[in-house]
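*Asks:* Coordinates only, no sequence provided:
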Ligand code: ZN
């Protein structure tokens, strides 16, 4: 199911609107139309343009450190950048996290400058809290507010990420995450209470912060636990291989017996690679008894026994494979076992229980 629609793409990063955001803007438009006053509508529309700029500044820093940004999604409560993986290097994380709020504050100050130049206000004009019906002043205030609000150390908000990075300088990454998540949940509850008294929007943000802190902490701790499991701890020593000159029918026979979707290709005891099920299926069934294994693409993948299964898992997902040969660093042609997605899954379940 797709709940968001793509409206643009910047630096190859898709910008998407979540369906709830579209509904919110549609509702605002109808209300504005009925009242024949579009000021609030445009105020919010422009504010979200600046929210995209805020998110893009996170992306800009992420890209600088070679971290891939999947997409930016706009929700009624703000923007979310989905990044490929959260950097475990605290210095990268706090730079990435702080860039958004800083950019929001800078935008606010620039807009304030524009207001001062064109409206020449008195000092008291600047500090009245009511909406002024001046787009540049209202947007200036909203951006400055957005910047400072995001700096609240409520993990997983920007300020909470900076806070976690500071903790991670002194603690392990998973402990830093655990404590940052406690503080995040505390702020989440606090926001809900303050929201009940003053502002509905804050209740929603509080709930998001509470759930986000809980989920991200669990995920992070699980991943760090997984990263400690070595390939040799979960690999299977018994292996099955096929010669390059064997037929696909023979390969499938072995695959059915071993119950794996892919098979190792070996010639005279030396590893040639992996042939996968999907590639075999592309060949018509009546041709499989004559078609040779070596005529198919053979994937050159392997892992070392002392590598983390998290790294191995990424390769399996990327190559869409079910199994991967494990080889010694000294003798890369000799297979000592296989790592299967099943083995990784059971390690994941164990890590969950150990937590
Ligand atoms: Zn941000």
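*Replies:* Right, received. Where do you want to start? Because the structure is predicted, anything quoted here is derived from the model rather than measured.
*Asks:* Tell me the bridge partners for the residue nearest the centre of the chain.
*Replies:* Nearest residue to the geometric centre of the chain (CA atoms, centre = their mean): residue 83, 3.6 Å. Going by DSSP bridges, residue 83 is paired in beta bridges with residue 69.
*Asks:* So it sits against residue 68, correct?
*Replies:* Yes - using CB atoms under 8 Å, residue 83 makes contact with residue 68 at a distance of 7.0 Å. From N, CA and C alone the C-beta is placed, and that goes for glycine too.
*Asks:* Give me the common contacts of these two.
*Replies:* Common neighbours of residue 83 and residue 68, using CB atoms under 8 Å, 6 or more residues apart in numbering, are residue 62.
*Asks:* Where do the strands of this protein begin and end?
*Replies:* Secondary structure of the chain (DSSP state E): strands at 4-10, 13-18, 69-75, 78-83, 241-242, 262-267, 270-276, 323-327, 335-340.
*Asks:* Quick one: those as CSV, columns for mean pLDDT too.
*Replies:* Output for the strands of the chain, formatted as CSV (pLDDT from 0 to 100):
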stretch, mean pLDDT
strand 4-10, 84
strand 13-18, 88
strand 69-75, 85
strand 78-83, 81
strand 241-242, 82
strand 262-267, 81
strand 270-276, 83
strand 323-327, 86
strand 335-340, 84
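*Asks:* right, so of the ones you listed, which gets closest to residue 298?
*Replies:* Taking CB to CB, strand 270-276 is the member of the strands of the chain nearest to residue 298, at 3.7 Å.
*Asks:* In the closest one, which of the residues would be classed as buried?
*Replies:* Residues of strand 270-276 classed as buried: 271-276 (neighbour count, 16 or more other CB atoms under 10 Å).
*Asks:* now for it, which elements pack on it?
*Replies:* strand 262-267, strand 323-327 (3 or more CB pairs under 8 Å, 6 or more residues apart in numbering; DSSP states H and E).
*Asks:* follow-up on the earlier one: check contacts around the residue nearest to the centre of the chain.
*Replies:* 62, 67-70.
*Asks:* from these, which single one is nearest residue 97?
*Replies:* Taking the contacts of residue 83 together and measuring to residue 97 by CB to CB, the closest member is residue 62, at 10.2 Å.
*Asks:* where's the closest one relative to residue 86, distance?
*Replies:* Remark: distance between residue 62 and residue 86 (CB to CB, to the nearest Å) = 10 Å.
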